[in-house]
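1. Sequence first, then the predicted structure:
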Amino acid sequence: FIIELIFIGWAEGRRWADIIKPGCVNTDPIFPNNKLTGTDVGYPGGLWFDPLGWGTGSPAKLKELRTKEIKNGRLAMLAVMGAWFQAIYTGTGPIDNLFAHLADPGHATIFAAFKG
C-alpha cells in the first residue's frame with residue numbers, strides 16, 4: 001500500500017506540475033531522450049503510459065481510449081464499493097463469500113443474505 005501511495009503521489013505530483021506550468025514535465029525522467037509531445041495539459045503520456053502504442057494515430061481514437069479508461073475506472077470504483085458493502089453487511093470478505101456461494105450456490109446468494 002505504501003509503495004502504491006508513493007507511485008501515485010509521484011504521478012499526481014507530475015500531473016499537477018504540468019497543470020501549473022504546461023510542458024515542464026515533457027521530458028522522461030528515466031530516459032531524457034524521450035520527449036513527450038502532443039498531449040493535453042495534465043494528461044499523462046509517454047513510453048511508460050502507453051507501451052503498446054494504442055494511443056498513437058488519430059485524435060478520435062485517443063479520445064475514445066480516454067473515455068474507455070475513465071469508464072473502466074468508474075466501474076472499478078463501484079466494484080470496490082460493492083466489496084466494502086458486502087464485507088460490512090455479511091461480516092466476511094468477498095473471497096469467503098465466493099467460497100460459500102461455490103459450496104452452496106442455491107442458498108448462499110445475495111437474496112439469502114437479505115432474509116436474515
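-> Received it, and whenever you're ready, just let me know what you need. These numbers were taken from a predicted model, which means no experiment stands behind them.

2. and the most centrally placed residue in the chain, what element?
-> Residue closest to the mean C-alpha point of the chain, counted by C-alpha atoms, centre = their mean, is G73 at 4.8 Å. Assessed by DSSP states H and E, G73 sits inside helix 59-90.

3. Look up how far G57 lies from K63.
-> Per C-beta to C-beta, to the nearest Å, K63 is found 11 Å from G57. In this view, the C-beta of every residue, glycine as well, is placed from N, C-alpha and C.

4. re earlier: quick one: buried residues of the helix holding G73?
-> 62, 86 (16 or more other C-beta atoms under 10 Å).

5. who does that helix touch, helix- and strand-wise?
-> With contacts defined as 3 or more C-beta pairs under 8 Å, 6 or more residues apart in numbering; DSSP states H and E, helix 59-90 has these neighbours: helix 94-103.

6. okay, the angle between the helix it packs on and helix 59-90?
-> Going by axes from the mean of the first three to the mean of the last three C-alpha atoms, to 10 degrees, helix 94-103 is angled at 80 degrees with respect to helix 59-90.

7. any idea how far T67 lies from T56?
-> Per C-beta to C-beta, T67 is found 17 Å from T56.

8. ugh, wrong one, I8
-> Distance from I8 to T56, by C-beta to C-beta: 25 Å.

9. Skipping adjacent residues, who's closest to P22 in space?
-> V41 (4.6 Å; C-beta to C-beta, 6 or more residues apart in numbering).

10. Tell me the buried residues in whichever helix or strand I8 is part of?
-> According to DSSP H and E, I8 maps onto helix 2-20. Residues D18 are the ones in helix 2-20 that count as buried (16+ other C-beta under 10 Å).

11. how far does that helix sit from the chain's center?
-> Centroid separation between helix 2-20 and its chain, computed with C-alpha atoms, centre = their mean, to the nearest Å, is 14 Å.

12. Only alpha carbons, please: show that helix as CSV.
-> C-alpha atoms of helix 2-20 as CSV (Å, rounded to 0.1, in the frame of the first residue of the first chain):
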residue,chain,number,x,y,z
ILE,A,2,2.8,2.4,0.9
ILE,A,3,4.7,1.8,-2.3
GLU,A,4,1.5,2.3,-4.4
LEU,A,5,0.8,5.5,-2.5
ILE,A,6,4.3,6.8,-3.3
PHE,A,7,4.0,6.0,-7.0
ILE,A,8,0.5,7.5,-7.3
GLY,A,9,1.8,10.6,-5.4
TRP,A,10,4.7,10.9,-7.8
ALA,A,11,2.4,10.6,-10.8
GLU,A,12,-0.1,13.1,-9.5
GLY,A,13,2.6,15.5,-8.5
ARG,A,14,3.9,15.5,-12.1
ARG,A,15,0.4,16.0,-13.4
TRP,A,16,-0.1,18.9,-11.0
ALA,A,17,3.2,20.5,-12.1
ASP,A,18,2.1,20.2,-15.7
ILE,A,19,-1.2,21.9,-14.9
ILE,A,20,0.6,24.8,-13.2
